[in-house]
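>>> test case, fold it:
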Amino acid sequence: MGAKEAFKQKVEAEVELAHAKLAELKAQAKSSAADARVKYAVHIEELEQKVAATKARLKELGEASEDSLDRVKDGVENAWKALSLSVRDAVAKFKH
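Just a heads-up that it's a prediction; the model follows:
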């Protein structure tokens, strides 16, 4: 397995973990009071968008040529970092 494929699989696994955390947060939001559900909906929407953006970047990575690999890899890393930070932020806010 090449470095590109290994990196892609690593990020895909991380995205799946983020997706699982998103599902947990959605379940937690459903059991919250109505006013809290509205607040959580904003965070859930943001997470869903970042999961989709990261998946789109992963698709680009899979299609990238060797010439554009570094640029695309940077895009994937940036998308993953944004998603990871959003997950941590949402988890912290849901605890309150």
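
>>> by contact count, what packs against the longest helix along the chain?
Ranked by residue count under DSSP state H, the longest helix found in the chain is helix 34-63. For helix 34-63, the contact count by 3 or more CB pairs under 8 Å, 6 or more residues apart in numbering; DSSP states H and E identifies helix 3-30, helix 69-95 as packing neighbours. Quick note: C-beta positions are derived from backbone N, CA and C, even for glycine.

>>> quick check: angle from the last one to helix 3-30?
Right, helix 69-95. Counting by axes from the mean of the first three to the mean of the last three CA atoms, to 10 degrees, helix 69-95 lies at 20 degrees to helix 3-30.

>>> so for helix 69-95, what's the average pLDDT?
For helix 69-95, mean pLDDT is 88.

>>> now swap in stretch 8-15 and tell me
pLDDT averaged over stretch 8-15 gives 91.

>>> can you list contacts of that stretch?
Outside stretch 8-15, the residues that touch it by CB atoms under 8 Å, 6 or more residues apart in numbering are Met1, Val51, Thr54, Lys55, Leu58, Leu61, Gly62, Val76, Trp80, Leu83, Ser84.

>>> then stretch 25-45?
Leu22, Leu47, Ser86, Asp89, Ala90, Val91, Lys93, Phe94.

>>> so how far is Trp80 from the fifth one?
With the distance defined as CB to CB, to the nearest Å, Ala90 ends up 16 Å from Trp80.

>>> that older thread, flag every buried residue along the longest helix of the chain.
For helix 34-63, burial by neighbour count (16 or more other CB atoms under 10 Å) applies to 40, 43-44, 46-47, 50-51, 53-55, 57-58, 60-61.
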